[in-house]
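In: Have a look; sequence and predicted model below, questions after that.
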Amino acid sequence: MKGITLTALALALATSTHATTLKWAGTTDPQTMDPHAVISAPVLGFLNNVYEGLVRRGKDMAIEPALASSWEPIGNGEGWRFNLRKGVTFHDGATFNADDVVFSYLRASSEAADTKGWFAPISEVKKVDDYTVDFFTKAPNPIFPDSIANWMIMDEEWSKSVGATVPSKEEGNAATLQTNGTGVYALKKRQPGLETTLTRHNDWWGEDVGNITEATFTPIKNPATAVAALLAGNVDMINPVPIQDAARLEQNSQVKVHKGIEARVIMLGFAQQAEVLKYGADKGKANPFLNVKVREAVAKAISVPAILRTIMRGNAEPASQLVSPAMRGFSEAYAERPSFDVKGAKSLLAEAGYPNGFSFGLKCPNDRYLNDEAVCQAVTSMLAKVGIKAELDAMPVRTYWPELRKDNFDMYLLGWSPGTFDHEHPVRFLASTPNSEKKLGSWNFGDYSNARIDELLPMIQSEIDDTKRQAMLDEVTGIYQSEHAYVPLYIQPLVWGTGKNVTLVQRPDNFFILRWASVN
Amino acid sequence: MFNYILKRVAQSGLVLLVVGLVAFSMFRFVGDPIDNMLGQERTVEDVERLRTELGLDLPFIVQYGRFLGDAVQGNFGVSYRQGRPVSDIIIERAPATLELAVVSAFLAISIGIILGVFTAIRRDGWLASVIMTTSLIGVSLPTFLIGIVLIYIFSVDLGWLPSFGRGEVVQVGFWSTGFLTKSGWLALILPAITLGLYQMTLIMRLVRSEMLEVLRQDYVRFARARGLSERVVHFRHALKNTLVPVITVTGLQLGSIIAFAIITESVFQWPGLGLLFINAIQFVDIPVMAAYLMLISVMFVTINLVVDLLYVFIDPRLREGGL
Amino acid sequence: MFNLTLPERLDRILKSDFLWRLSRSPVAILSLLVVTLLVLGAVFAPWIAPFDPYDSASLDLMNGFTAPLTENDFTGQQFLLGTDDQGRDVLSTILYGMRISLFVGFASVLFAMVLGISLGLIAGYLGGWVDTIIMRIADVQLTFPSILVAMLIFGIAKGVMPAEYRDQMAIWVLIIAIGLSDWVQFARVVRGATLVEKNREYVMAAQLIGQPTPIIMWRHILPNVLSPVLVIATISLALAIIAEATLSFLGVGAPPTQPSLGTLIRIGQGFMFSGEWWILLFPALTLLALALSVNLLGDWLRDTLNPKLR
C-alpha cells in the first residue's frame, strides 16, 4: 500500500506540478454524449461538466445565471426574456450567441429529442438580437426557467458541420461521441462503456473552479469492486457507496464518506382500477386495493423506521409525500406520515372486510434503486404480520417497466426524482389521470385518478403567485395523501466515497460537478 | 475425404444458423430495450415510434432474416446503447478478452502440466496428495467469489495489485495491448488467476491420469528395463504421449475460458467482450448480444471442426468409415 | 463379464474390493462423512433449523445484522451464526439453502444423465443419420458454454411462464438449464462405449436370438459404462452446485425469498466491506465443504474404478 502511494506521489511530482487528475467511478456509463438525446441522470450529470444551459443550479440547487446573465418575464406571463452572456466561447473557439440558443431550442424540441417535453409549454422562440432571446409560452409559466436548468446549449455551426443537427438514439451521430460545449471541461477521450476523460477548458468564462485539470470516469458495475477500488486507492471517488459499507468506510483513515439526501422518493403504488387481483392465492378475486382502508392499512403496517435502521443503516429519511422537503412546493401542512401501527392496520383490514387478510402480488425492481429488493422483502414480511401475504416478484428494470406498462401487478415499488425539483413534477407524472394526448400521468401505472387533482394541475402550472400556488399544491397533497394513492416510504440517501484528499460538493440531484471538486 | 470435409463444413454452417435462431428468439424475453433508450419523460408515442424505427414491431422471423442478411455482409447493426456500429465495439473490446484468455490459458497449461506430472510421478507422496486436494478448492467455489476474495486480499488488504481494469494500455494499430506496460501486467495477474484456476485444475488432473496410464504401458516398462534414467522415462516417453489428449482438451476449453470470462470480467471490470455482453444484457442491447453470441458460436464451431478434421487425419480408420 | 445386468454389475462393484478400498482412504471416508452430514442436514432442515426462513411473517427486520452469538440491541434475541439483512437466522437459511442447492444439483445431474445416456446409446447403436443429428446437437450444446445455455433457458422461461409461477418455476428452470448444459459428457462416453461394444460377439449373438434393440442396449451395453458414468455424475454434481451459485451471481439463480447457497453467497458478498462477515463466510464455507467433499469423492471413485476417462 505504502509503496504504491509513494510511487504515485513521486510520479505525480515528477510529471508536472500543475496537473491534478481525478479518477472517479459510477455504476452506469452515460450512454451518449448528446445532451438532447436522453434524459437520464448519468447522462445529464456527466454532461453538466461539459455543456451549459442558460441557467444552472447552484450548490443549494437554486437557479443561477449561466449562459444567460439575467432573465425576466415578458408582459403579463406571456413568456420569458433571456439576456445572454457575452464573451463565452465553445471548446472549439467559436463564439456563443443567440443563434446557438435558437438552434439548441429547435434541436432539443425536435421529434427525436428526449428533451422535447421540456418545451411543451413554449409557443415560439425569437431571437431579439445577438444576445437576447425571447421564449413565448402558451400560458403563464412561472417555473419555466427552473425547468430548463439541464437544457444544454450546443454550437450551431459545429453541430451542422459534423452532421448532428438532430439527436439520434438509434443510429448515433457525431454528437453521440464528441462534444463541443461551453463548460469547464472538454471531452478529451471517449471510449463508451470503458473510460471517458475530460480535460480543463482554459477559456471558461466563470470563476469558482477547483484544481482538477483532468478527470477520468470509469463505470464499475459491481459495487464490491468499486469499494475495493476506492480502498485500494485505484480511484479517487465512487458513487454510490453501497449503503451498508458507509459506516465501515467512515472509520477508514484513507477515505471519506459524503452523505446527503437525494431528491428521490421511494414509494409503493397500487392497481387502482383493476377489478380483480392478478397474482397470489386470491388471484381473480375482487381487488382489495380499490378500498382506501386497505391502502391505509398497508401504510400503517410498514415500519419505515425499521427499514431505515437496518436496510438503510440510518442514512435515509422517511417520506410523507411524493417529494422530499428540499423540493419546491413541498407541503409543510402534510409533512406527517402515517405511523407504524399493526393493530390499526389490522382493524382497518377488518373494517374493509378482510379480517383474515388476503394474498396478492408485489412487483419490485432489483437493480434500480438502492437495496430495492431488500426493501421489498422487508415490506413483504411486514405485510405478512398483519395478515396480507405478498408474493414478491423481483426483476431487473429491463423487464420491470414493461411489466408495469402491461399492468401486471397488484402492488409495485417506484422511485421518483422530480427533474424540475418541483412538486408539480410528480403530480403531473404520478398523480394525474393518465392521458397520453396531454402527456399526463405517463408513470401513473396504477391509474390513480382524482378529478380535483386533474382540475388543479393546469392551474398550478400557470399560477405565478407563490402563495396561491402553494395552497393548491397543499390541496393536491391533502387529496392524494388521504386517499393513500401511494405509500411514500423514504427519501433515498446519497452516499459518495472519496479519498481523504478530495473535497467536493454533493448536490441532491446526485450530479457530480467537477468544477467544485479539488484534490489536495 | 473431400466430401467429408464439405459435409462437416455444411453441418457447421447449419449449427450456426440454429444457434443464431435460438439466441435471437431469446432476446424478446430478455426485456424491452425501449425503456433504457428513453428517459424519464418519455410518452407512449415516443415508445411506439422508437419501436417502429428499430423494427421491433416486426414479426420475429422477419427480424431474424434481416439480422442474418446483414450479418452475412459483416454488418451487425448499431448498438442500441452506444449508438455506433457493433463491429467497431467488438474490435475495440476483443484484445482485452483475448489477452486475458491467452495469459490465463498459458498459466493453466504450464502450471497444470507441471503439477500434473509431479502428482503422477509421486503418486503416493504426501505433497502430491496435498496438491490434489487443495487444487480442488479452486473448483469448489464459484469463480465470482474467488475473484472477490483475491481482490480483498491482494488489492485492498496488501495493496499489491490493482483492483480493477487493465492498467495502462498501448495502442498498436487497432489492437490495444496491456503487455507493454508494467501496470498492464500487474492488472492482468488477478483476473488471469481467477479465470485460469478452473482450467488449471482440469489440466493437472488430465495430465496426471494420462501419465499414470502411460507409465503402465509396456514400452515405458521396457524403457525402464533398458536402464534409462527415470527422468528420461518420465519426460521423453511418458509426457510426450500424454500431450495429445491434453492439447485436444485445452483446445476445446479455450472457448469456455472466453465464456467464463463473462464472470471474471464483471468482477474485475475488465474491459473485454464478457463485460460488454453482461452490460448488453442489462440494457437489452440486442445487436451487441446477437453479435457476441454469433462470434462465440463461430469460434466454438471452428474449434470443433478443426478437432474433428484432425482426428480424421490422425486416424485412417475414420477416413474410410461411414461418417 | 460383459453380459451382466445392471443390478448384478452394481452388486459386483459393491462386493469387490470397493468397500475395502474405501476403508483404506481416510480422505474418502471423511468426504463421505461430510457429504452425508450435509445431505442429512438439508433433508431434515425443517426439523433441525431453529427458524423457518420462508415464513416471512416470523421475520423481524429489527433482528437484522445480529452478529453470531451476540444479543440483538433491540429484540435481545441471539443467533448461533447471526442474522442477515432481513433478520433471518443465517444457520436456518444455510440449511434451507442447502436443500435447494442439493436438490438442484441432484435433479440436474439426474436429468443430464438420463438424457445423455439415452441419446448416447441411441446415437452409438443406431449410427447413421441419427448419430449425426444427435452428435451435431451435442456440438451446438458445446458451442454454448454452460452458463450461457443456462442464461438463455432462464431468460426464455421467465418470458414464457406466467408470472405467478415464476418463483416456484425458477428452481425447475435451473435444473433443466444446468442439466441441459451437462448431458453431452454422458452422451459422448456412452456413445463411445456403445460403438466399441456393439460389434462384439455377444451383442451380435443377442441380436441373432432376436432380442429387441432397446433391451440389448439396456442390458448389455449400459453395465459396461457404469463406472465412467458414475464418476462423471459425481463430478457433475459438484459442478452443478457451483454452476447454480455462479448463475445466482449473474442474477438468474434461486430467488432471495427462497435462497440457495449461491444466492446466499451473492447476497453475502454485498456485506464483505461492511463488517458483517458472517453473512458471507458461513454460506461460503458450507458450499466449499459440500463441493470439495463431492469432488474428493469423485476423485477417489475415478482412481478406484479407473475408467478410461478423457
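Out: Noted; the coordinates are in hand. Just so it is clear, the structure is predicted and the values come from calculations on it, not from any experiment.
In: give me every residue that touches the closest residue to chain B within the stretch 51-200 of chain A.
Out: Per C-beta to the nearest C-beta, A:Gly172 is where the stretch 51-200 of chain A lies closest to chain B, at 2.5 Å. Yep, even glycine has a C-beta here, placed from its N, CA and C like the rest. By C-beta atoms under 8 Å, 6 or more residues apart in numbering or on different chains, the residues touching A:Gly172 are A:Thr32, B:Val78, B:Ser79, B:Gln82, B:Gly83, B:Arg84.
In: Also A:Met154?
Out: Contacts for A:Met154 (C-beta under 8 Å, 6+ apart) come out as A:Pro35, A:His36, A:Tyr51, A:Asp100, A:Phe103, A:Ser104, A:Arg107, A:Ala175, A:Asn180, A:Gly181.
In: Walking through chain B, point out its helices one by one.
Out: For chain B, applying DSSP state H gives helices covering B:2-30, B:33-37, B:44-54, B:60-72, B:86-121, B:126-139, B:143-150, B:182-215, B:218-225, B:230-232, B:240-268, B:273-282, B:286-314, B:316-320.
In: Can you name every helix or strand that the fifth one contacts?
Out: Packing partners of helix B:86-121 (3 or more C-beta pairs under 8 Å, 6 or more residues apart in numbering or on different chains; DSSP states H and E): helix B:126-139, strand B:175-177, helix B:182-215, helix B:240-268, helix B:273-282, helix B:286-314.
In: which of these sits most buried?
Out: helix B:273-282 (a mean of 24; mean count of other C-beta atoms under 10 Å in any protein chain shown).
In: Neighbours of the closest residue to chain C within the stretch 1-150 of chain B, how many?
Out: Residue nearest to chain C within the stretch 1-150 of chain B: B:Phe29 (2.7 Å; C-beta to the nearest C-beta). Close neighbours of B:Phe29, defined as other C-beta atoms under 10 Å in any protein chain shown, add up to 15.
In: Could you double-check that it sits in contact with C:Ile156?
Out: Yes: with contact defined as C-beta atoms under 8 Å, B:Phe29 reaches C:Ile156; the gap is 5.2 Å.
In: Return, as residue ranges, the portions of chain A with sub-threshold pLDDT.
Out: Residues of chain A meeting the criterion pLDDT under 70: A:1-18.
In: can you list the domains in it?
Out: Segmentation of chain A into domains, based on automatic domain parsing, reads A:6-219, A:262-493.
In: for those, which one sits closest to B:Asp124?
Out: Relative to B:Asp124, the nearest member of the domains of chain A by C-beta to C-beta is domain A:6-219, separated by 47.9 Å.
In: Can you pull out the low-pLDDT segments for chain C?
Out: Applying pLDDT under 70 to chain C flags residues C:1-18, C:140, C:142-146, C:158-168, C:214, C:306-310.
In: Now stretch A:243-256: buried residues?
Out: For stretch A:243-256, a neighbour-count test (16 or more other C-beta atoms under 10 Å in any protein chain shown) marks A:Ile243, A:Gln244, A:Asp245, A:Ala246, A:Arg248, A:Leu249, A:Val255, A:Lys256 as buried.
In: That one close to chain B?
Out: No: using C-beta under 8 Å from any C-beta of the partner chain, stretch A:243-256 stays clear of chain B, with a minimum separation of 10.0 Å.
In: who's in contact with that stretch?
Out: Outside stretch A:243-256, the residues that reach it (C-beta under 8 Å, 6+ apart) are A:223, A:227, A:230-231, A:233, A:241, A:257, A:259, A:311-313, A:315, A:370-371, A:493, A:495, A:497-500, A:502, C:85, C:270-271, C:273-276.
In: try it again with 7 Å
Out: Identification of contacts with stretch A:243-256 by C-beta atoms under 7 Å, 6 or more residues apart in numbering or on different chains yields A:227, A:230-231, A:241, A:257, A:259, A:312-313, A:315, A:370-371, A:493, A:495, A:497-500, A:502, C:270-271, C:273-275.
In: Just these: which are in helices?
Out: Under the assignment DSSP H, the contacts of stretch A:243-256 contribute A:Val227, A:Leu230, A:Leu231 to helices.
In: ok, of those, which one's closest to chain B?
Out: Nearest to chain B, judged by C-beta to the nearest C-beta, of the ones in helices among the contacts of stretch A:243-256 is A:Leu231 at 4.6 Å.
In: What's the local residue count around the residue nearest to the closest one when sequence neighbours are not counted?
Out: Nearest non-adjacent residue to A:Leu231, counting by C-beta to C-beta, 6 or more residues apart in numbering or on different chains: B:Val156, 4.6 Å away. For B:Val156, the count of nearby residues is 20 (other C-beta under 10 Å).
In: Report pLDDT for B:Pro316.
Out: pLDDT for B:Pro316: 55.
In: Now do the buried residues in the host helix or strand of C:Gly97.
Out: According to DSSP states H and E, C:Gly97 maps onto helix C:90-126. By neighbour count with 16+ other C-beta under 10 Å, helix C:90-126 contains the buried residues C:90-109, C:111-113, C:115-125.
In: Tell me which other helices or strands whichever strand or helix holds A:Ala186 touches.
Out: Assigned by DSSP H and E, A:Ala186 belongs to strand A:185-191. Judged by 3 or more C-beta pairs under 7 Å, 6 or more residues apart in numbering or on different chains; DSSP states H and E, the packing partners of strand A:185-191 are strand A:195-200.
In: What pairs with the strand it packs on, parallel or antiparallel?
Out: strand A:185-191 (antiparallel), strand A:214-219 (antiparallel) (DSSP bridges).
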